[in-house]
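1. I'll drop the sequence and a predicted model, then ask my questions.
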Amino acid sequence: MPNLDTRVPAVLLRIDRNPFHHGTLGAVRSLGRAGVEVHLVADSTGSPVRRSRFVAETHPPPPPGSSTAEIAAVLRRVAARVSRPAVLVPMDDAGALAVNRLRTELAAGYLLPPRSGTLAEHVADKAELATVCESLGVPHPVTLIPRSPAQAAAAAWQLGLPMMAKWSRPWLIPAGTDLRSTVVVRSAQQAQALYLRTAEAGSPLLFQAFLPPGPDRDWFVHGYVDRSGVTRGGGTGRKNRAWPRGAGLTTVGRWTPEPQLQALVEGLIGALGYRGIFDLDFRRDATTGRYHLLDFNPRPGAQFRLFEDGAGLDVVRALHLDLTHRPLPEPAPVPGRTFVVENYAPFVALRSRSAGRELAWHALDDRAPGRALWGLWARHVSLRLAQRTGRLLRGPAVAVRTARRAGATRTAGAAGAAAARPVAASTDSAVVRPRGGPVRRADRGSGRRSDRMPAPFNARPQGPPAPSRTDDEKASSC
């Protein structure tokens, strides 16, 4: 294991309220096993993470929807409690973006990677990411940002069905809602209904061309870019299983070298001048073989522990070593190493343990979180089922209200689909294409071809992201 400076504590920051974020436990164990004093700023109510013997102290997190100033006040109080400079590790997008804005204010109490300007803001926002990819020639699904219900319905014809729907800043979705960060859309009516919930979601809705999932198609790349711009730790991994299936967090992952993907990521990181920990998600197009960037997360991915190498280095330890000016060991990849999230893949977890496998919750040197998991998880699932049942029972009344709203725009939607024209960047809709990539118009599922296709949209999303809560499915890195 690398020789970390145990005089320098670590503070893990998690703003959202997901009690089952296994990446947070991974960071606690990674640093704690190395002898680092770990402070956890997160809502640990009902969470197995708080049971870890490697947590030195827990601190209340900022309340949901806190302003940047309120987050700064919480972190200053924690710094006073710790009483010496600490390495600060944001574990979710909201925390990472808040810390990026607060670097000057936090400099006295925390060690942070070099600032990359507003880059973290741009790459974390899914709509902004499409523009970044277009400018750098990185493959990315065709992306439409509707500005009206009519444009949302028209997107189904423009991209073909099914298509993907995403909220550009998923960390703004309130906890307890049935909104998900990513949804497969199978009808124009579904697209329009989603758009009508934009105010509730807190950020713009975008649609992307659907790249079908399948074996060997979902990949992720983790790493840490040090002060000199060299990528340390991490590697390329294949997502063997996910929840929700085909569009969710990694439940079973495997360290799988892929030189083509590694070269693509190194070129992207170098062109951006990015510094710090990153977690990127890709889907390989089965037709072209190209890897399309789906998400850029400026913080550790939930499955980052998959990439602990033969020298004991992972991205969180690399961060601590670099910021404390300790030498980083030479890379020692461990291809074939696997990572399993037991509460989402219990049957895989029950198979015989191999030397190259790590479980998210159960560990021989830290048994309490694994023991606490199942009772807490059962209560969590029961509550979610009760909430879902309640929504289903209320469904008819909600459906009537939604139908009335949709009916008010149906005529306008038909006119918009038939008469849409390219518009200037300041007007009502937006499209971002991959470099040289055509818009796919053919239906790929339950829909049909249309003889009349709406013209592309051209405007871009506006406004920086702000921190808030997310639900458990989208809080983890995919």
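-> Looks like it came in fine. Residues are numbered from 1 along each chain as shown.
2. what's the following helix or strand after the strand or helix carrying residue 233?
-> Using DSSP states H and E, residue 233 sits within strand 231-243. Following strand 231-243 in sequence order, the next helix or strand is strand 249-255 (DSSP H and E).
3. okay, buried residues for the longest helix anywhere in the chain please.
-> Longest helix of the chain, by residue count under DSSP state H: helix 367-393. With burial defined by 16 or more other Cβ atoms under 10 Å, the residues of helix 367-393 counted as buried are 369-370, 372-373, 376-377, 380. Every C-beta, even on glycine, is put in place using the N, C-alpha and C of the backbone.
4. cool, and stretch 171-187?
-> Neighbour-count burial for stretch 171-187 [16+ other Cβ under 10 Å]: 171-173, 179-186.
5. what of stretch 256-269?
-> Neighbour-count burial for stretch 256-269 [16+ other Cβ under 10 Å]: 256, 258, 261-262, 264-265, 268-269.
6. narrow those to those in helices?
-> Per DSSP H, the buried residues of stretch 256-269 map to helices at 261-262, 264-265, 268-269.
7. switch those over to CSV; also include pLDDT and distance to residue 222.
-> CSV is the format used below for these (pLDDT from 0 to 100; distance: Cβ to Cβ, whole Å):
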residue, pLDDT, distance to residue 222
261, 98, 12
262, 97, 11
264, 98, 14
265, 98, 10
268, 97, 14
269, 96, 12
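8. now the residues you listed in JSON lines, with distance to residue 32?
-> Compiled in JSON lines, those are given as follows (distance: Cβ to Cβ, whole Å):
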{"residue": "261", "distance to residue 32": "31"}
{"residue": "262", "distance to residue 32": "30"}
{"residue": "264", "distance to residue 32": "34"}
{"residue": "265", "distance to residue 32": "29"}
{"residue": "268", "distance to residue 32": "32"}
{"residue": "269", "distance to residue 32": "29"}
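9. so which of the residues you listed comes closest to residue 74?
-> residue 269 (30.5 Å; Cβ to Cβ).
10. any idea how far the residue lying closest to the closest one once chain neighbours are set aside lies from residue 66?
-> Among residues not flanking residue 269 along the chain, residue 225 sits closest, at 6.0 Å (Cβ to Cβ, 6 or more residues apart in numbering). Distance of residue 225 to residue 66, given as Cβ to Cβ, to the nearest Å: 28 Å.
11. just want to know which of these two has more residues nearby.
-> Counted by other Cβ atoms under 10 Å, residue 225 and residue 66 do not tie: residue 225 has more neighbours, with 28 against 20.
12. check contacts around the more buried one.
-> Residue 225 makes contact with 113, 231-232, 269, 274-276, 278 under the criterion Cβ atoms under 8 Å, 6 or more residues apart in numbering.
13. residue 165 against residue 209, yeah?
-> No: applying Cβ atoms under 8 Å as the test, residue 165 and residue 209 come out as separate, 11.7 Å apart.
14. looking at these two, which has the bigger crowd around it?
-> Per other Cβ under 10 Å, whichever of residue 165 and residue 209 has more neighbours is residue 209, with 25 against 22.
15. any idea which helix or strand carries residue 348?
-> helix 346-350.
16. picking that back up, average model confidence for the longest helix of the chain?
-> For helix 367-393, mean pLDDT rounds to 89.
17. report all helices and strands that it contacts.
-> With contacts defined as 3 or more Cβ pairs under 8 Å, 6 or more residues apart in numbering; DSSP states H and E, helix 367-393 has no helix or strand neighbours.
18. count the residues that sit near residue 287.
-> 8.
19. contacting residues around it?
-> Residue 287 neighbours (Cβ under 8 Å, 6+ apart): none.
20. low pLDDT regions in the stretch 201-350 of the chain?
-> Across the stretch 201-350 of the chain, nothing is flagged by pLDDT under 70.
21. where do the strands sit along it?
-> 205-209, 218-225, 231-243, 249-255, 276-284, 291-297, 338-340 (DSSP state E, counting those that start in this stretch).
22. got JSON lines for these, with distance to residue 144 too?
-> Compiled in JSON lines, these are given as follows (distance: least, Cβ to Cβ, whole Å):
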{"stretch": "strand 205-209", "distance to residue 144": "5"}
{"stretch": "strand 218-225", "distance to residue 144": "22"}
{"stretch": "strand 231-243", "distance to residue 144": "24"}
{"stretch": "strand 249-255", "distance to residue 144": "25"}
{"stretch": "strand 276-284", "distance to residue 144": "18"}
{"stretch": "strand 291-297", "distance to residue 144": "15"}
{"stretch": "strand 338-340", "distance to residue 144": "34"}
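23. now residue 152: which helix or strand?
-> helix 149-159.
24. just checking, what packs against that helix?
-> Using 3+ Cβ pairs under 8 Å, 6+ apart, helix 149-159 sits against strand 143-145, helix 188-195, strand 205-209, helix 395-419.
25. can you give me the mean pLDDT across the second one?
-> Averaging pLDDT along helix 188-195 yields 97.
26. how about residues contacting that helix?
-> 146, 148-149, 151-157, 163, 165, 183, 185, 205, 207, 402, 406, 409, 413.
27. can you rerun that using 6 Å?
-> 146, 149, 152-153, 155-156, 165, 185, 205, 402, 406 (Cβ atoms under 6 Å, 6 or more residues apart in numbering).
28. so how far is residue 231 from residue 26?
-> Counting by Cβ to Cβ, the gap from residue 26 to residue 231 is 20 Å.
29. which one of the two has more residues nearby?
-> When residue 26 and residue 231 are compared for neighbours, residue 26 comes out ahead with 27 against 22, by other Cβ under 10 Å.
30. does the more buried one touch residue 307 like I think?
-> No: assessed by Cβ atoms under 6 Å, residue 26 is found out of contact with residue 307, at 10.6 Å.
31. so residue 339 bridges to which residues?
-> Legend: beta-bridge partners of residue 339 under DSSP bridges are residue 253, residue 358.
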